[in-house]
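Trainee: 3D model of this:
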Amino acid sequence: MDATDRKIIRQLQMNARLTNNDLAERINLSPSPCLRRVRNLERDGVIEGYTAVVDQEKYGLALNAFVLIRLERQTEDLINAFEAHIQDIDEVLECYVMTGPSDYFLHIVSDSLKSYEKFMKQRLTKVPGIGSIETSFAFGKVKKTSTFPPLSHFEEDFV
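Mentor: Next up is the predicted model:
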């Protein structure tokens, strides 16, 4: 993947509904090579898909819970069972394996505290292998983006 591919990805992350002609114009490429690059990025799995960005509150899921999970034990069977169960829980938008004192970090959405309590009692606590659950709630959102920064932000100049 080169700098042009990254420009394509950033533009599509900002607006996936761009026409190929508009995308090509924004990255200073003619339409045919631009489309070929997009198709290659899709074929290679770099672009995994396209989605609509929806206002969470207007949809009815205003509550964001961030949950730290610690497993009882870190055995292969418990890890596999936990991860398999998490895949089937729609309220879990994201689940990350962590370093440090917690094993997993989950982003969970709900319509209310009452619903979240019910979710905890009836769904999350029934997932096998959980040793502890620590929940924090977001008061508000300061920033949310799905656009990656340019790699140049990570490059260091050693001159």
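Trainee: Now do the helices in the chain.
Mentor: Here the chain has its helices, by DSSP state H, at 3-14, 20-26, 31-43, 56-59, 76-87, 113-122.
Trainee: model confidence over stretch 103-113, on average?
Mentor: Stretch 103-113 carries an average pLDDT of 97.
Trainee: nearest residue to the residue nearest to the spatial centre of the chain other than its sequence neighbours?
Mentor: Centroid-nearest residue in the chain: residue 94, 5.7 Å away (criterion: CA atoms, centre = their mean). Among residues not flanking residue 94 along the chain, residue 107 sits closest, at 4.2 Å (CB to CB, 6 or more residues apart in numbering). The C-beta positions use only the backbone N, C-alpha and C, and glycine is treated the same way.
Trainee: For the one you found, give me its contacts.
Mentor: 64, 65, 66, 67, 92, 93, 94, 95 (CB atoms under 8 Å, 6 or more residues apart in numbering).
Trainee: Could you dump these into JSON lines with pLDDT and distance to residue 35 added?
Mentor: Listed next are these as JSON lines, based on pLDDT from 0 to 100; distance: CB to CB, whole Å:
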{"residue": "64", "pLDDT": "98", "distance to residue 35": "37"}
{"residue": "65", "pLDDT": "98", "distance to residue 35": "41"}
{"residue": "66", "pLDDT": "98", "distance to residue 35": "39"}
{"residue": "67", "pLDDT": "98", "distance to residue 35": "42"}
{"residue": "92", "pLDDT": "97", "distance to residue 35": "36"}
{"residue": "93", "pLDDT": "97", "distance to residue 35": "32"}
{"residue": "94", "pLDDT": "97", "distance to residue 35": "31"}
{"residue": "95", "pLDDT": "98", "distance to residue 35": "35"}
